[in-house]
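Participant: Just the structure for this:
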Amino acid sequence: MHANASPNAERGLQEIRFTRNAQAAHFFVLALVFFCVGIALYCLSLDLWKTQEPLLKQSWYGLFTLPFIALAVWAGVHLAKHAYMIFSPVGIEIFPFFYPSKNMQVLYWQEVEDVVITPDGKMLEVTLLSEGENKVFIETAPLRPKSRELFGKTIDGIRAQREETKSRMGQSKPSLPA
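Facilitator: Residues are numbered from 1 along each chain as shown. Reported below is the predicted structural model:
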């Protein structure tokens with residue numbers, strides 16, 4: 001998770017990035033499992049105790065797992081490094097798992113009515129301004145538990161800032177000329 005502040009933002013929400021750290025951990029564990037399988041395949045080709053014939057004739061069979069290890073490590077690093085969701089002065093930018101640069105979605109603050117975390121904390125519910133009841137649900141599972149705490153504080157801060165802006169706008173309405 002990275003919290004980046006844009007230098008030109010004076011007050012309020014600047015930019016907060018949340019990454020898929022929880023999902024990245026799964027890929028690192030998967031890479032470790034592939035590594036262990038590779039070591040096990042290599043060990044099956046050795047005759048360590050000189051008691052029986054090795055189960056595998058070739059010791060290089062363990063190398064078959066290398067592409068899978070590389071792919072899992074690459075996916076883990078990619079998920080830990082790149083953004084899942086960005087809260088910026090423009091709106092909420094959501095990056096999907098597959099092809100994030102092509103399929104990203106931006107929910108502009110002008111079209112967002114309310115932002116709420118569900119009571120179980122597993123989803124972000126974004127209510128959009130429209131004639132009907134349109135909602136967008138964003139899963140918080142890709143975030144680590146510590147990131148979810150910051151995520152909750154971010155949502156509370158956004159809601160407080162929006163309420164403050166609404167109250168200021170309501171109080172400072174210009175009077176119509178007579």
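Participant: Show me the shaky parts of this protein.
Facilitator: By pLDDT under 70, the low-scoring segments of the chain are 1-13, 49, 131-132, 171-178.
Participant: Wait, Leu66 touches Gly38, no?
Facilitator: Yes. Using Cβ atoms under 8 Å, Leu66 is in contact with Gly38, at 6.9 Å. Quick note: C-beta positions are derived from backbone N, CA and C, even for glycine.
Participant: Between those two, point out the one with more neighbours.
Facilitator: Neighbour tally, Leu66 and Gly38, criterion other Cβ atoms under 10 Å: the higher count belongs to Gly38, 18 against 12.
Participant: contacts for whichever strand or helix holds the more buried one?
Facilitator: Here Gly38 sits within helix 21-44, counting by DSSP states H and E. The contact list for helix 21-44 (Cβ atoms under 8 Å, 6 or more residues apart in numbering) reads 1, 54-56, 59, 61-66, 68-69, 72-73, 75-80, 97, 141-144, 147.
Participant: What residues sit buried inside that helix?
Facilitator: 21-24, 27-28, 30-31, 34-35, 38, 41-42 (16 or more other Cβ atoms under 10 Å).
Participant: quick one, phi psi at the residue nearest to Lys81 when sequence neighbours are not counted?
Facilitator: Nearest residue to Lys81 in three dimensions, chain neighbours excluded: Thr19, at 6.9 Å (Cβ to Cβ, 6 or more residues apart in numbering). Geometry field for Thr19 lists phi and psi as phi -110, psi 170, criterion degrees, to the nearest 10.
Participant: so who does Thr19 touch?
Facilitator: Neighbour list for Thr19: 1-2, 79-84, 142, 147 [criterion: Cβ under 8 Å, 6+ apart].
Participant: Likewise for Gly76?
Facilitator: Applying Cβ under 8 Å, 6+ apart, the residues near Gly76 are 24-28, 31.
Participant: Any buried residues in the helix or strand containing it, and which?
Facilitator: Using DSSP H and E, Gly76 sits within helix 66-81. Neighbour counts over helix 66-81 (16+ other Cβ under 10 Å) mark 68-69, 72-73, 75-76, 79-80 as buried.
Participant: Nearest to Asn103 among these?
Facilitator: Using Cβ to Cβ, Leu79 is the member of those that sits closest to Asn103, with 15.5 Å.
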